[in-house]
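Undergrad: Got a predicted structure plus its sequence, pasted below:
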Amino acid sequence: MAQTLRKKKTSIGDLAFRIVNSILLAIIALVCLLPFVNIIASSFASTQEIIEKKFILFPTTFSLDAYLYIFSTKTIFKGMGVSIGITVIGTLVSMALTALMAYGLSRKYLHGRNTINFIVVFSMLFSGGIIPTFLVVKSVGLIDSYWSMIIPGAINAFNLIIMRNFFQSLPDSLEESAKIDGCKDFGVFFKIMLPLSLPSIATISLFYGVAYWSSYMNAILYLNDSEKWPMQLLLRQIVIVSSGMQGDNSVVDVVPPAQAIKMAVIVIATLPMLIAYPFVQRHFVKGAMLGSVKG
C-alpha cells in the first residue's frame, strides 16, 4: 500500500514538473520566436504601418516593396551566386582539411602530436590579428580573389578539436582490424572512419556553412572589385544606402522605408540556413555531443 501511494505521489510530481516545464519552455520559445516573426512581418508591411507601429506580428497591408527594391538589380543575384559558391566550395575545402588533420591528430602514434595540438589550442586564444593576416593574404597574391574568402579561415580550431575528439572516441580495434585485412591509413580513413563520423561531419559542415554564408569581413578586407562582392556585402551596402548614409549608390536606385529594407535583408540572409538546418538536425545534437565528451 505504501509503495502504491509513493508511486502515485511520484507520478503526480512528474506530471506537475512536465506541466511547469512545458509552460516555461513555451514562454522561452515565444520570447525567441516573436522577434523573428516581427522581422518577417515588418519586411512585408507597408510604409504607413511601419511608421505607425513599433511592433508588427501580422501586417494589415501586404507589401513587397522592400523585396522588389532589394532584387531590383541583377547585382544581388550575382552576389547570391557568389555567396552560394563560396559557401559550398569553402565548406567542402574546410571539411576535407579539418577531417584529415583531425584524424591525424587523433592517432596516438603520430610523432609531434602533442606539440601540434598545443599550437591548435594556442591559436584559439591568440591570433595574429587583422593586419598581419591581411599582409599574409596580400603577399601570397590572394587580394581580389575568391580564395581569400576561403583559405584564411579554412580550418577552425574549435571544429578541429571537436572532430579530433570524435575520432578518438572510436575504438582502436577498428583501425587494427582494417590494417590486419590489408588497409592502409587512407583506406582506414575513407572506408571506415568517415562513414562512422557522418553525425560529426554534418554538424561541423553546418558550422562551416553558416560561417561562410554570414561572413562579410573578409570580403571588405580582401575584395576591392564590387563585381566580386558576395551577397552579405551587397546587403550591407543596400542597408547603408537605404539609411541615407554614404555608400555606393550604383547598387540601388529608389529607396523604400529603411526599416522594411533592414528586415527584408535579415530574412534573405537567414532563410538559406533555416532551409538547410532541418536536413542536418537529426545529426546535429549527436555530432556535437560525441565530439565534446573526450578531452
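TA: That came through fine.

Undergrad: and this structure, what are its domains?
TA: 2-52, 65-290 (automatic domain parsing).

Undergrad: deepest of those domains, which one?
TA: Neighbour counts (mean count of other C-beta atoms under 10 Å) averaged over each of the domains of the chain peak at domain 65-290, with a mean of 16. (Each C-beta comes from the backbone N, C-alpha and C, glycine too.)

Undergrad: Return the distance of it from the chain's centre.
TA: Distance of domain 65-290 from the chain centroid (C-alpha atoms, centre = their mean, to the nearest Å) equals 7 Å.

Undergrad: about what we covered before: in JSON lines, list the domains of the chain along with mean pLDDT and distance to Pro59.
TA: Listed next are the domains of the chain as JSON lines, based on pLDDT from 0 to 100; distance: least, C-beta to C-beta, whole Å:
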{"stretch": "domain 2-52", "mean pLDDT": "78", "distance to Pro59": "4"}
{"stretch": "domain 65-290", "mean pLDDT": "81", "distance to Pro59": "10"}
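
Undergrad: could you dump the ones you listed to a markdown table with distance to Phe58?
TA: Formatted as a markdown table, the domains of the chain follow (distance: least, C-beta to C-beta, whole Å):
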| stretch | distance to Phe58 |
| --- | --- |
| domain 2-52 | 6 |
| domain 65-290 | 14 |
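
Undergrad: which residue ranges form the strands in the stretch 51-200 of the chain?
TA: Assigned by DSSP state E, counting those that start in this stretch, the stretch 51-200 of the chain shows no strands.

Undergrad: can you map out the helices along it?
TA: Assigned by DSSP state H, counting those that start in this stretch, the stretch 51-200 of the chain shows helices spanning 65-70, 74-106, 113-125, 130-139, 157-169, 172-180, 185-188, 194-196, 198-214.

Undergrad: So which other helices or strands are in contact with the fifth one?
TA: Right, helix 157-169. In terms of contacts (3 or more C-beta pairs under 8 Å, 6 or more residues apart in numbering; DSSP states H and E), helix 157-169 is packed against helix 74-106, helix 113-125, helix 198-214, helix 258-290.

Undergrad: Would you agree Phe158 is in contact with Leu125?
TA: No - counting by C-beta atoms under 8 Å, Phe158 stays clear of Leu125, with 11.4 Å between them.

Undergrad: how near is Lys53 to Ile40?
TA: For Lys53, the distance to Ile40 (C-beta to C-beta, to the nearest Å) stands at 15 Å.

Undergrad: For Ala26, which of the helices and strands packed on helix 157-169 is the nearest?
TA: Minimum separation from Ala26 across those (C-beta to C-beta) falls at helix 258-290, 20.0 Å.

Undergrad: Spit out the contact partners of Val82.
TA: 146, 228-231 (C-beta atoms under 8 Å, 6 or more residues apart in numbering).

Undergrad: one more time with 7 Å
TA: Shown in contact with Val82 (C-beta atoms under 7 Å, 6 or more residues apart in numbering): 228, 230-231.

Undergrad: for Thr91, same thing?
TA: 205, 208-209, 212.

Undergrad: do you know how far it is from Ala276?
TA: Note on Thr91: its distance to Ala276, by C-beta to C-beta, is 10 Å.

Undergrad: Same question for Gln168.
TA: 28 Å.

Undergrad: and Arg18, which of the helices and strands packed on helix 157-169 is closest to it?
TA: helix 258-290 (20.7 Å).

Undergrad: Now tabulate the helices of the stretch 51-200 of the chain in JSON lines and tack on distance to Leu221.
TA: Output for the helices of the stretch 51-200 of the chain, formatted as JSON lines (distance: least, C-beta to C-beta, whole Å):
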{"stretch": "helix 65-70", "distance to Leu221": "24"}
{"stretch": "helix 74-106", "distance to Leu221": "14"}
{"stretch": "helix 113-125", "distance to Leu221": "19"}
{"stretch": "helix 130-139", "distance to Leu221": "6"}
{"stretch": "helix 157-169", "distance to Leu221": "20"}
{"stretch": "helix 172-180", "distance to Leu221": "42"}
{"stretch": "helix 185-188", "distance to Leu221": "36"}
{"stretch": "helix 194-196", "distance to Leu221": "34"}
{"stretch": "helix 198-214", "distance to Leu221": "15"}
